[in-house]
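> make a model of this:
(2 chains)
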Amino acid sequence: MSPDHILKTEIQKALSSLFGQSTDQFQLQPTNQEFEGSHTLVCFPLTKISRKNPEETAKLIGDYLVAGSGVVERFNVVKGFLNLVLKDSVWVDVFRGIYANADYGRLPDNGQEVMVEYSSPNTNKPLHLGHLRNNFLGYSVAELFKANGYKVHKVQIINDRGIHICKSMAAWKLFGNGETPENSGLKGDHLVGKYYVIFDKTYKAQISELMNNGLTEDEAGKQAPIMVMAVDMLRKWEQKDEDTVALWKMMNSWVYKGFEATYARMGVDFEKLYYESDTYLLGKEEVLKGLGKDVFFKKDDGSIWVDLTSDGLDQKVLLRSDGTSVYMTQDIGTAILRFRDFPKIAGQVYTVGNEQEYHFKVLFLILKKLGFEWAKRCFHLSYGMVDLPTGKMKSREGTVVDADELMQEMVDEAEKQTRAIGKIGDWEEKEAKELFEMIGLGALKFFLLKVDPKKRMLFDPNESIQLQGFTGPFIQYTHARIRAIVRKAESMDITVSDDDLKSIVSLEPAERDALNQLSLFETRLKEAAKEYSPAVIANYAFDLAKEYNKFYQNIPIFSEADPSKLKFRIAFSRAVADTIRKAMGLLGITVPDRM
RNA sequence: GGUCCGGUAGCUCAACUGGAUAGAGCAUCAGAUUUCUAAUCUGACGGUUCGGGGUUCGAUUCCCUGCCGGAUCACCA
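As a prediction, this is how the structure comes out:
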């Protein structure tokens, strides 16, 4: 039972007893630091039922709670704000509940299922910084839903088909000389990406050459030999030409192997992969069905459209005049297929950048028009672009930061800084490597997740590797220090029972603050899922670590003479460490026992 | 041009959906402490919340208007 919950019940009792009517329309918020108390009741809205001014209303409720509720120690009123000080016994009881509950921070199964899509890369180049935000975000939101009692299905759609991969294929055929990941030592996705870049360079050179020969830019773009080749490959692929399909399969398999390694290091996983090459025909069928039901219309050239002007949007093409499908068509098919594969899911979450907001608005609207009632339970988890201090970062421009390289740099930096501090001199090499990995990736993940997903954010490589402040490593370090305390207690054979905790009658202010923070975990957890925002959890973890550090600074645990207090503080430390570990786990971050 | 986001301390971000004197981290300056892991803690400094109107007990938050930045409006994905 959380303190919030207890107080709300008591306040409702007070209201009906004092004013003859109750309401749940009141705000209970954290008390500002400058005032005494942990919870504040905002009394302005209550003047309607109290028919007194805010101060009097607050005082009446305060007096009632002190006299009758048994949970409020004292109170103060500032303007219309009623600041409540809870009895220490309440905090102790709250803590006993948390300590006894191994599942604290994991809400009971609610019987619902949800699907989360994330990552969904193209197969012509390696993952970059933007993908990192996508993957960490998607993974974390999936974990948040799990902790809120949902069964979660993590999936992605792999855009394995289309002109982009044909470009890499064409360049490899022309300039590859049989290069493979095995004989070059290059990671598969990087190898294919290399040829995508070669394509681009060659293409540009050919265009300018053709333009020098008098062609317009448009003509040159279409006639450039390497582009002609790529388009031809796409056509052949759709006709299932044996050689083309074989080349496509080979190069895709290189990419998949490369992606697997990247995902493994990121610590993300998927239950099921959807491939565009398997699903793109399905969308086409559904569009044709919709044409029969008058949802869509056909133009004279044979192309098929949907008219969304009555919904304030434009017309949108769904099948080209040559009968081939576009991006939207495929997404229609994939969505339908997923609800067929997982009929019990309550909804679907698409983790995709905010440049595609219009696309998803249209997609969900079309699905609704096609009569799928689940369309309203599809949600676009939209996130902002990641900028670099030097300028914008976008895959079309040359300034991409490669995901594999960045992760390695973070781990290298973690190693450099950790070795410089010199606490791991006697560690096994293997253990040390694991630690650098935890810190490097923890820093990266925390930095990308601490910002509201909707917002565009700045990734500053220099700042991100700072191991102080609002960072993952700061929290990891706090955890390691707490674990040291717990280890020491274990070596002293100190055990804690519920009776030990029960005997505590008073708390230090620093304990109360940290305990208050600890008790907020499940509230934050619900908020985070509701808002699809791991940032809520990142902030929570940071606040908890900070509060514990204050406690740690002020209270010398092992010089405590009173054995029950000593035990309480050890139990408390253990609970904080556990909660930090759980909260960070929701962000996909592991925390070390020592560092 | 239409639509949708965003604009908060020098910098990076918060502000529980309308609540108190707008908070953290970094940076800067001053201090504590050398332990239960100092990768810590305590202070100080820092604000016309882009400008201007409106709504009410009360606005960073809601409405109108102007300015700035971004995204999007393809028979690309």
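
> the residue in the stretch 351-500 of chain A positioned nearest to RNA strand B: what secondary structure?
Proximity of the stretch 351-500 of chain A to RNA strand B (C-beta to the nearest atom of the strand) peaks at residue A:469, 2.1 Å away. Using the backbone N, CA and C atoms, a C-beta is placed for each residue, glycine as well. Of the three states, residue A:469 takes coil under DSSP: H, G, I helix; E, B strand; the rest coil.

> helix or strand right after the helix-or-strand element of chain A with minimal mean pLDDT?
Taking mean pLDDT, DSSP states H and E as the measure, helix A:461-464 is the helix or strand of chain A with the lowest mean score, a mean of 76. On the C-terminal side of helix A:461-464, the nearest following helix or strand under DSSP states H and E is helix A:472-491.

> return the distance of that next one from the chain's centre.
26 Å (C-alpha atoms, centre = their mean, to the nearest Å).

> now do stretch A:38-49
35 Å.

> quick check: buried residues in it?
A:38-43, A:46-47, A:49 (16 or more other C-beta atoms under 10 Å).

> now flag whichever of the residues you listed is closest to residue A:544.
Using C-beta to C-beta, residue A:38 comes nearest to residue A:544 of those, at 15.1 Å.

> for the closest one, which non-adjacent residue is spatially closest?
Spatially, and ignoring its direct neighbours in sequence, residue A:38 is nearest to residue A:516 (5.2 Å; C-beta to C-beta, 6 or more residues apart in numbering).

> what score does the one you found have for pLDDT?
Listed pLDDT for residue A:516 reads 91.

> secondary structure class of it, three-state.
Under three-state DSSP, residue A:516 falls in the helix class.

> can you check residue A:379 too?
Relying on three-state DSSP, one would call residue A:379 strand.

> surely it and residue A:348 touch.
Yes - contact criterion C-beta atoms under 8 Å: residue A:379 and residue A:348 qualify, at 7.1 Å.

> between those two, which one's more packed in?
residue A:348 (23 against 16; other C-beta atoms under 10 Å).

> tell me the contacts of the more buried one?
By C-beta atoms under 8 Å, 6 or more residues apart in numbering, the contact set of residue A:348 is A:114-117, A:335, A:338-339, A:374, A:377-379.

> let's see it at 6 Å
For residue A:348, the contact set (C-beta atoms under 6 Å, 6 or more residues apart in numbering) comprises A:115, A:378.

> state whether it is indeed within a helix.
No - counting by three-state DSSP, residue A:348 is not found in a helix; it is strand.

> find the nearest non-adjacent residue to residue A:193, please.
Here the residue nearest residue A:193, using C-beta to C-beta, 6+ apart, is residue A:125, at 3.7 Å.

> before we move on, the earlier item: neighbours of the residue nearest to residue A:38, how many?
Neighbours of residue A:516 under the rule other C-beta under 10 Å: 18.

> check the one 5 residues further on too.
Close neighbours of residue A:521, defined as other C-beta under 10 Å, add up to 21.

> what residues sit buried inside stretch A:291-306?
Quick answer for stretch A:291-306 (16+ other C-beta under 10 Å): A:291, A:295-296, A:303-306.

> the nearest residue to residue A:51 once chain neighbours are set aside: how many residues sit nearby?
Spatial nearest neighbour of residue A:51, excluding adjacent residues (C-beta to C-beta, 6+ apart): residue A:19 at 7.9 Å. Residues lying near residue A:19 (other C-beta under 10 Å) number 18.

> picking that back up, let's have the buried residues of stretch A:38-49 in a markdown table, adding pLDDT, secondary structure and distance to residue A:284.
Formatted as a markdown table, the buried residues of stretch A:38-49 follow (pLDDT from 0 to 100; DSSP: H, G, I helix; E, B strand; the rest coil; distance: C-beta to C-beta, whole Å):
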| residue | pLDDT | secondary structure | distance to residue A:284 |
| --- | --- | --- | --- |
| A:38 | 90 | coil | 60 |
| A:39 | 92 | strand | 58 |
| A:40 | 92 | strand | 58 |
| A:41 | 93 | strand | 59 |
| A:42 | 91 | strand | 56 |
| A:43 | 90 | coil | 61 |
| A:46 | 88 | helix | 60 |
| A:47 | 86 | helix | 62 |
| A:49 | 85 | helix | 60 |
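
> include distance to RNA strand B when you put the residues you listed into JSON lines, please.
As requested, the buried residues of stretch A:38-49 are exported to JSON lines (distance: C-beta to the nearest atom of the strand, whole Å):
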{"residue": "A:38", "distance to RNA strand B": "10"}
{"residue": "A:39", "distance to RNA strand B": "9"}
{"residue": "A:40", "distance to RNA strand B": "3"}
{"residue": "A:41", "distance to RNA strand B": "9"}
{"residue": "A:42", "distance to RNA strand B": "5"}
{"residue": "A:43", "distance to RNA strand B": "8"}
{"residue": "A:46", "distance to RNA strand B": "9"}
{"residue": "A:47", "distance to RNA strand B": "8"}
{"residue": "A:49", "distance to RNA strand B": "13"}
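
> quick one on the thing from earlier: doesn't residue A:52 make contact with the residue nearest to residue A:51?
No - Residue A:19 is beyond contact range of residue A:52, at 9.0 Å (criterion: C-beta atoms under 6 Å).

> quick one: the strands in the stretch 301-450 of chain A, in order.
A:304-307, A:315-319, A:345-353, A:378-383, A:386-387 (DSSP state E, counting those that start in this stretch).

> would you mind giving these as TSV with mean pLDDT and distance to residue A:163 added?
As requested, those are exported to TSV (pLDDT from 0 to 100; distance: least, C-beta to C-beta, whole Å):
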stretch	mean pLDDT	distance to residue A:163
strand A:304-307	92	21
strand A:315-319	91	17
strand A:345-353	94	20
strand A:378-383	94	25
strand A:386-387	89	26
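
> now the ones you listed in TSV, please, with extra columns for distance to residue A:244.
As requested, the strands of the stretch 301-450 of chain A are arranged in TSV below (distance: least, C-beta to C-beta, whole Å):
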stretch	distance to residue A:244
strand A:304-307	27
strand A:315-319	23
strand A:345-353	29
strand A:378-383	34
strand A:386-387	36
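
> so for residue A:456, which of those sits nearest?
Smallest distance to residue A:456 across the strands of the stretch 301-450 of chain A (C-beta to C-beta): 6.6 Å, for strand A:386-387.

> how many residues are close by residue A:52?
16.

> residues of the stretch 201-350 of chain A that sit close to RNA strand B?
Applying C-beta under 7 Å from any atom of the strand, we find that the stretch 201-350 of chain A lies next to RNA strand B at A:276, A:299, A:301, A:303, A:312, A:314, A:317, A:320-322, A:326-327, A:330.

> mind doing that once more with 6 Å?
By the rule C-beta under 6 Å from any atom of the strand, the part of the stretch 201-350 of chain A lying against RNA strand B is A:299, A:301, A:303, A:314, A:317, A:320-321, A:326-327.

> burial of the closest residue to residue A:89 other than its chain neighbours, as a residue count?
For residue A:89, ignoring the flanking residues on the chain, the nearest one in space by C-beta to C-beta, 6+ apart is residue A:505 at 7.3 Å. For residue A:505, the neighbour count with other C-beta under 10 Å is 11.
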